[in-house]
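1. When you get a sec, could you give me coordinates for this:
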Amino acid sequence: MMSEPTHFVHVYATVRVKMAVSADDHHEAMLAADAALFARGFGVRLIPTAEGALDADYAGEVTGYLVDEAGDPEFMRSANYGPDYEPDWGLRGRGDNAAPIASS
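-> All right, here's what the predicted structure looks like:
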């Protein structure tokens, strides 16, 4: 039985899978999501329903993560990460770690 989730991790593998995990921080949440999702192969069944779609499967690639914290309905502590678990702030900085936005 899983404890109350502290994070919701959107794993951007060729499909997006939202995972509920318990963790102390974002990095641990991503690792827990990977462990739960990939422990026994890809943990989601893809069922093609479109006419002519013969099969669907996981492509074996994670392109990034979005980590939301439970109890943060405004998503102020949510963050994007690359496939290497490193922050990917894009144009939205995050606290003192914010990179300056380049001007054109």
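2. residue ranges with poor pLDDT in the chain?
-> For the chain, the stretches flagged by pLDDT under 70 are 1-2, 54, 91-104.
3. Go again with 90.
-> For the chain, residues meeting the criterion pLDDT under 90 lie at 1-3, 10-18, 36-61, 88-104.
4. ranges for the helices of it?
-> 26-38 (DSSP state H).
5. and the nearest residue to Pro5 once chain neighbours are set aside, what are its bridge partners?
-> The shortest distance from Pro5 to any non-neighbouring residue, by C-beta to C-beta, 6 or more residues apart in numbering, is to Ala20 (3.8 Å). Just so you know, the C-beta spots here come from the backbone N, C-alpha and C atoms, and that holds for glycine as well. Assessed by DSSP bridges, Ala20 has beta-bridge partners Phe8.
6. what about Ala20, how many neighbours?
-> For Ala20, the count of nearby residues is 16 (other C-beta atoms under 10 Å).
7. Next: Tyr58.
-> For Tyr58, using other C-beta under 10 Å, the count is 17.
8. Identify the residues contacting it.
-> Applying C-beta atoms under 8 Å, 6 or more residues apart in numbering to Tyr58 gives the contacts Ala13, Thr14, Val15, Phe42, Val44, Leu46.
9. gap between the residue nearest to Pro5 and Pro48?
-> Distance, Ala20 to Pro48, by C-beta to C-beta, to the nearest Å: 26 Å.
10. likewise Leu37?
-> In this view, Leu37 and Pro48 are 20 Å apart by C-beta to C-beta.
11. still on that earlier bit, these two touch, right, the residue nearest to Pro5 and Phe8?
-> Yes - counting by C-beta atoms under 8 Å, Ala20 does reach Phe8; the two are 5.8 Å apart.
12. For the nearest residue to Gly90 once chain neighbours are set aside, grab the count of nearby residues.
-> Nearest residue to Gly90, sequence neighbours excluded (C-beta to C-beta, 6+ apart): Asn80, at 6.5 Å. Asn80 has 16 neighbours, counted by other C-beta under 10 Å.
13. All good on my end, thank you.
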